[in-house]
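Enquirer: Dropping the sequence and predicted coords here.
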Amino acid sequence: MTLTEILDLLTKEIHSVVIATTHEGKPVTRVIDVMMHDEQTFYFLTAKGKAFYEELMDQKYIALTGMCSGEAYNKKEASLHMKAISVRGEIENVKTEHLDDIFERNPYMADIYPTKESRQALEVFKMTKGSGEVFDLSTKPITRFAFTIGSEKQETSGYAINDHCVGCEECVKVCPTNCIQHETIPFVIDNMHCLHCGNCLAVCHFQAVEKF
């Protein structure tokens, strides 16, 4: 999955995300629309009079999560069609850069800020450096993709099997996505399809499973 495809998913299919900052040392969340993206990053905006704006300017760092349910016929199926993106990183205030583009691509914004004068309250932010993950439950097996924005180092997490593996297959029996390749010893965990449930670590008697 390319970064452009990920940003398309974030801005077009998901669009509304929960962004976390802190206020007086405590976490605060808001639902914010991701307005547009280019080849490298995404953009959102807020009004200068809001506490959210002050936190962005002070901390210059956010974490966000958004999800969409795709084509689901009922609430029970919705979770099985879910696609989610989480990303955290550094942000930059780019003032009114791209503001006209944002209103052109998001015409509903004109109903909220109808005049050029009213839009003077708005400023645009972009993520300059961050790392994140796409989690897709609509595929069988599930898939996850790690990605970075800017020069951020790729963060990875998951489970791996080391040379203590004896091939007992206890981990294979409890894996919900069948993502443990057991043709050779030591076995190999395909983390692209791993739920990170920890079953393999819990049942291994040989300390062959490691969390990273």
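Expert: Yep, it's here.
Enquirer: Walking through the protein, point out its helices one by one.
Expert: Assigned by DSSP state H, the chain shows helices spanning 3-8, 51-59, 75-78, 99-105, 109-112, 170-174, 199-203.
Enquirer: What is the burial count for Ile6?
Expert: By other CB atoms under 10 Å, 20 other residues sit near Ile6. From N, CA and C alone the C-beta is placed, and that goes for glycine too.
Enquirer: quick one: it and Thr22, what's the gap?
Expert: Remark: distance between Ile6 and Thr22 (CB to CB, to the nearest Å) = 26 Å.
Enquirer: Ok, Tyr108 next?
Expert: Distance check for Tyr108 against Thr22: by CB to CB, it reads 29 Å.
Enquirer: List the neighbouring strands of the longest strand seen in the chain plus their orientation.
Expert: Criterion DSSP state E: the longest strand present in the chain is strand 122-136. Neighbouring strands of strand 122-136 in its sheet, by DSSP bridges, are strand 42-47 (antiparallel), strand 83-93 (antiparallel), strand 143-149 (antiparallel).
Enquirer: List the contacts of the second one.
Expert: Same thing as strand 83-93. With CB atoms under 8 Å, 6 or more residues apart in numbering as the test, strand 83-93 has contacts from 6, 9-10, 13-14, 17, 56-57, 60-68, 70, 123-138, 147, 149-150, 152.
Enquirer: again, only this time at 6 Å
Expert: 10, 60-68, 123, 125-130, 132-136, 152 (CB atoms under 6 Å, 6 or more residues apart in numbering).
Enquirer: thinking again about what came up before, so if I had to pick from Tyr108 and Thr22, which one is more boxed in?
Expert: Thr22 (12 against 8).
Enquirer: can you put the strands paired with strand 122-136 in TSV and add distance to Cys168, mean pLDDT and mean neighbour count?
Expert: Putting the strands paired with strand 122-136 into TSV (distance: least, CB to CB, whole Å; pLDDT from 0 to 100; neighbours: other CB atoms under 10 Å) gives the following:
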stretch	distance to Cys168	mean pLDDT	mean neighbour count
strand 42-47	46	98	21
strand 83-93	34	97	19
strand 143-149	27	95	18
